[in-house]
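Visitor: Any chance you could fold what I've pasted below:
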Amino acid sequence: MAERRASQGAPGGPQRRFWLLTRRRRGTSRRPKPDEIMHQDITPLCAADIQDQLKKRFAYLSGGRGQDGSPVITFPDYPAFSEVPDKEFQNVMTYLTSIPSLQDAGIGFILVIDRRQDKWTSVKASVLRIAASFPANLQLVLVLRPTGFFQRTLSDLAFKFNRDDFKMKVPVIMLSSVPELHGYIDKSQLTEDLGGTLDYCHTRWLCHRTAIESFALMVKQTAQMLQSFGTELAETELPNDVQSTSSVLCAHTEKKDKAKEDMRLALDEGQSILESIREPLSKSPEQSLNQDQLDNQTTVQRLLAQLNETEAAFDEFWAKHQQKLEQCLQLRHFEQDFREVKAALDVLAQKIATFTDVGNSLAHVEHLLKDLASFEEKSSAAVERARALSLDGEQLIDNKHYAVDSIRPKCHELQHLCDQLAAEVTQRRGLLNKSLELHGLLEASMKWCDEGIYLLASQPVDKCQSQDGAEAALQEIEKFLETGAENKIQELNKIYQDYEPILTQDLMEHVQKVFQKQESMEEMFHRRQASLKKLAAKQTRPVQPVAPRPEALTKSPCPSPGVRRGSENNSSEGNALRRGPYRRAKSEMSESRQGRSSSTGDEEESLAILRRHVMNELLDTERVYVEELLCVLEGYAAEMDNPLMTHLISAGLQNKKDVLFGNMEEIYHFHNRIFLRELENYIDCPELVGRCFLERMEEFQIYEKYCQNKPRSESLWRQCSDCPFFQECQKKLDHKLSLDSYLLKPVQRITKYQLLLKEMLKYSKSCEGAEDLQEALSSILGILKAVNDSMHLIAITGYDGNLSDLGKLLMQGSFSVWTDHKKGHAKVKDLARFKPMQRHLFLHEKAVLFCKKREENGEGYEKAPSYSYKQSLNMTAVGITENVKGDVKKFEIWYNAREEVYIIQAPTPEIKAAWVNEIRKVLTSQLQACREASQHRVLEQSQSLPLPASSNTSPSKGNARNVKKLEERKTDPLSLEGYVSSTTLPKPPEKGKGWSKTSHPLEAPEDNDGWSSAEEPINSSDAEEEGGVGPRKLVPGKYTVVVDDEKGSPNTLAVRSGDVVEVVQEGEEGLWYVRNLTSSKEGWVPASSLSVLLGKSSSAQCLSSPESSAGSALLSNSSSCSESCGAPLSDLQG
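Guide: Take a look at the predicted model:
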């Protein structure tokens, strides 16, 4: 409520100023002017109201002025003046006298009455009528009397005898000619019909007056609208939720935009009127505006200024109101986020309260620490959000938000909750670290005890009987006891004191047991030491120091301190030692000797050293790389924006920083903030560094953008390398190499990674992260390939479309190409068969492009070739033949059902295999999409086709193979079995109705391998050369007619050899409904005739969608000759 009251109240500031502007000048007592129409309640007479009366032009205000500035009203020769109604006359006089300013009207008007073509009687009547009803002050009346001799004489006499009838407040002067008139009014103030030079057009004057008064009314209405809108805004209450506040803000913004648009239209209208008034000046600079035109201009300018002032006041008022609403919306967002964040922090506080266990073993404590770290990591998002929200609240307070008293307590509460949670986590980590330290001491003590027991058990008793043996064993014992200072528990009370916060009853008992074991072991050592001393002291000869026997140097089989603790093997081995150290001493000693005799451990240690070496190299070079990038960005890129260095930058280098450096700054931030830090986490486990690369593989795509810009950068560098700016920067940085060497660093770095990954993989074959390393290496090589492909792609010239519309670039390479088209001259076809073309192919997801490679002369990136675009093939109409007879490096790409055939020869069989596999993947994906679309359409049909019968005629081999394929197809997601078997034949078409365009997979004859096209959805191009075996049953599909229909009856469809027909449906009485695709006709054909007409023509199996062309997306896996080289479906789809 406080904030709502704060937003209301008496209007002040911009709001008060806005209201005053829209209400000022109301109730003024002076005569209103046209631009003051908006400030009065009584509407004055307007030109639009008496437009027809003004058009009669029996009187007009030309804009001329007398010598003392009196406005001149002209009454031209108007024969029907006496017929003008008094009301119209009064309206025109009232309107004309209201136009001049109060100052000019106060001087008085000069009336010029032109009656040169009239009679004296009319002159007298006109003068008397004007004198009787003129609504303003008159200064002088000038009458041009009739020019005829009789009328002039009559007017002289009549004027003398009737002078008393013309007694007016001003003198009436009879003028005989226009020159006499010029003695009273200057020629420049008179229109052309009175011998003057004043430019006056009555129609233009009337248009200007109408427009000005309309504009004044528009300004008034705009001001009223703004006043009403401002009142609505001021009375709006602030909502209590985000949605309502957003709605209010949007609604008010829309209304504000509408008001601003109305004001803009009004301003445009005013400017248009102003330009129309000034039009004479634009046409002739020497011409000047008359006084009335100047008054009109002043009026429009005043209205425009008033409108601008009103708009400025409204903008200021709106800015305050908008700020209030935006602050309210910010507050509602803050409150909503506060509720969500506080609930999340409360949940975290409850969860951290459950972390009370301190662990019962070293492995358990390590697990608890991992859980705590995991909890901290998961809670970091909520904590960071809370701290960020607190900072947002502080920012709102700093920005003078009106609800400071509501925001500040919430910010303090968020900070307190975050600090409290962090303190809890820190306290728990401290306790667990203490527990880890204590269990480490206990494990070390137990390990020391086990090693001691093993040492005692491994000392040979027979050799200790001699003085030398006894002394050697004594030295071993003394040396081992010296290690106790680091491993054994020194004082039990100190342990209790140091680890009091974590000592539970169970843990205290465990400490006591370990300490007792340690004391027992030390007692055993002391007894053995005393015995050995006695044996060593029996000899009377001086004791010579001897090297210990090899058996005495036998090491403990227990794992070294470097081995991870808590493993199952180590713990079980330690337990066995503790249970029976003496009983198992000899067997364990022999096992340890066998382990030492093998070189497996040494080899693994060597590989670990090599891995660390590669990791060190990776980290060292990464740090150097980041430093070099920073050096370039600060020493060169930032200096280009330094005003003190501007004079050194050449004109060709101005505003070209993005061209020269590309996205190097983006690369630097990625490596400095993310990648380098994550690499450092793998120092202790370099064999797992592949995971680091895999997690950040998407970010490495930024190198593609940098490499694509590199040619432009190189070109700019060559043009400006002599610029003093570069020399000065290099001097400041003390670099021995110029900038271009550092601009090459990102390209060198991305290629360096794959070398380091190869090295790391070589030394990590049997390690846990080997698979990740292999995947990371493959991904980096894929990025390098994508970068290389994109460099070739941007070199394509002459392609009109957008290359990005063709989908992802899959492969690119140079090939020899032969063409074989069905259309064209025979000699050209033969020539094309034997003379190959060198073409560079670009395989995209949606098309394959044929380009001609052109080598360029130059240096650096200018040596890169360019590619002239020649043609492209849409992949939806492409098929392939994988093997071409006579050359294992050739394959075919054919287009539109082999209407165009391109024989492609790859440099090597491996390249050919890679291209064929990639094209197969594209076509297979298209095939699957077609199947899914066809299945969707079939489900929507009321009737569908049945599964066609198999055309296989082989009684044994073929049937067995088909059964096998059928079983395989049950689990094959690409199989059409479900689609075909679920359909039934449609009803015969009714007369006048259309046919369904849905394409159905149909049966076709087998190839040499026994695969039919009904079974094998991936078509073979060899079907053109390999015929079916045995009689064939007609099935729906597309066929080519091989025999002319010579016996065709008038009632059947006529076809000719070469026509492509579509067998649609079998009807009654042995008739088939056939559509001739060549002649666009359709009809019924007897089945017997149809079999003869079609011969052994194969059905053109089509897997395209109804929208695609026939024969699209066909895929072949056979030779172009009649050789047998089929492959299983699973292999084809590989």
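
Visitor: hey, C-alpha coordinates of the helix or strand that contains residue 1073 in CSV?
Guide: Here residue 1073 sits within strand 1071-1076, counting by DSSP states H and E. The C-alpha coordinates for strand 1071-1076 follow below in CSV (Å, rounded to 0.1, in the frame of the first residue of the first chain):
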residue,chain,number,x,y,z
LEU,A,1071,-9.5,-54.9,-67.7
TRP,A,1072,-6.8,-52.7,-66.2
TYR,A,1073,-7.2,-49.0,-65.7
VAL,A,1074,-4.1,-47.3,-67.3
ARG,A,1075,-3.0,-43.7,-67.3
ASN,A,1076,-0.7,-42.7,-70.3
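
Visitor: mind starting the numbering at 50 from now?
Guide: Happy to do that; since the first residue is 50 now, the last one works out to strand 1120-1125.

Visitor: Pull up the pairing partners for it, direction included.
Guide: If you go by DSSP bridges, strand 1120-1125 pairs up with strand 1109-1115 (antiparallel), strand 1130-1135 (antiparallel).

Visitor: Pull the distance from the last one to the chain's centre.
Guide: What it means is strand 1130-1135. Centroid separation for strand 1130-1135 versus its chain: 55 Å, with CA atoms, centre = their mean, to the nearest Å.

Visitor: Please identify the deepest-packed of the strands paired with strand 1120-1125.
Guide: By mean neighbour count, with neighbours taken as mean count of other CB atoms under 10 Å, strand 1109-1115 ranks first of the strands paired with strand 1120-1125 at a mean of 19. From N, CA and C alone the C-beta is placed, and that goes for glycine too.

Visitor: pLDDT of that one, averaged?
Guide: For strand 1109-1115, mean pLDDT rounds to 79.

Visitor: Can I get that strand in CSV? Just the C-alpha atoms.
Guide: What follows is strand 1109-1115 as a C-alpha-only set of coordinates in CSV (Å, rounded to 0.1, in the frame of the first residue of the first chain):
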residue,chain,number,x,y,z
VAL,A,1109,5.4,-44.2,-70.2
VAL,A,1110,2.2,-45.5,-68.7
GLU,A,1111,1.0,-46.0,-65.1
VAL,A,1112,-0.9,-49.2,-64.5
VAL,A,1113,-3.3,-48.0,-61.8
GLN,A,1114,-5.8,-50.7,-60.9
GLU,A,1115,-7.3,-54.0,-62.1
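
Visitor: Output the below-cut-off pLDDT ranges for the stretch 900-1049 of the chain.
Guide: For the stretch 900-1049 of the chain, the stretches flagged by pLDDT under 70 are 905-913, 989-1049.

Visitor: What segments of it are strands?
Guide: With DSSP state E, counting those that start in this stretch as the criterion, the stretch 900-1049 of the chain has strands at 915-923, 927-930, 939-944, 949-954.

Visitor: can you check the stretch 750-899 of the chain too?
Guide: Per DSSP E, counting those that start in this stretch, the stretch 750-899 of the chain carries strands over the ranges 845-846, 858-870, 886-893, 896-903.

Visitor: With mean neighbour count and distance to residue 671 added, can I get these in CSV?
Guide: Compiled in CSV, the strands of the stretch 750-899 of the chain are given as follows (neighbours: other CB atoms under 10 Å; distance: least, CB to CB, whole Å):
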stretch, mean neighbour count, distance to residue 671
strand 845-846, 14, 35
strand 858-870, 18, 30
strand 886-893, 19, 35
strand 896-903, 19, 37
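
Visitor: closest to residue 805 out of the ones you listed?
Guide: Nearest of the strands of the stretch 750-899 of the chain to residue 805, taken as CB to CB: strand 858-870 at 26.8 Å.

Visitor: and that closest one, C-alpha only, in PDB?
Guide: Below are the C-alpha coordinates for strand 858-870, written out as PDB (Å, rounded to 0.1, in the frame of the first residue of the first chain):
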ATOM      1  CA  LEU A 858      28.500 -29.900 -46.500                       C
ATOM      2  CA  LEU A 859      29.300 -33.600 -46.100                       C
ATOM      3  CA  MET A 860      32.300 -34.200 -48.500                       C
ATOM      4  CA  GLN A 861      34.300 -32.400 -51.200                       C
ATOM      5  CA  GLY A 862      37.000 -33.500 -53.600                       C
ATOM      6  CA  SER A 863      38.300 -33.600 -57.200                       C
ATOM      7  CA  PHE A 864      37.200 -36.300 -59.700                       C
ATOM      8  CA  SER A 865      37.300 -37.200 -63.400                       C
ATOM      9  CA  VAL A 866      33.700 -37.100 -64.700                       C
ATOM     10  CA  TRP A 867      32.200 -38.600 -67.900                       C
ATOM     11  CA  THR A 868      28.600 -37.800 -68.900                       C
ATOM     12  CA  ASP A 869      26.100 -40.000 -70.700                       C
ATOM     13  CA  HIS A 870      22.800 -38.300 -71.300                       C
END
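
Visitor: Tell me the gap between it and the middle of its chain.
Guide: In terms of CA atoms, centre = their mean, the centre of strand 858-870 is found 34 Å from the chain centre.

Visitor: quick one: contacts of it?
Guide: Outside strand 858-870, the residues that touch it by CB atoms under 8 Å, 6 or more residues apart in numbering are 835, 838-839, 841-842, 878, 881-894, 899, 902, 948-956, 960, 963-964, 967, 971.

Visitor: Neighbouring strands of it in the sheet, and parallel or not?
Guide: Here strand 858-870 is paired, per DSSP bridges, with strand 886-893 (antiparallel), strand 949-954 (antiparallel).
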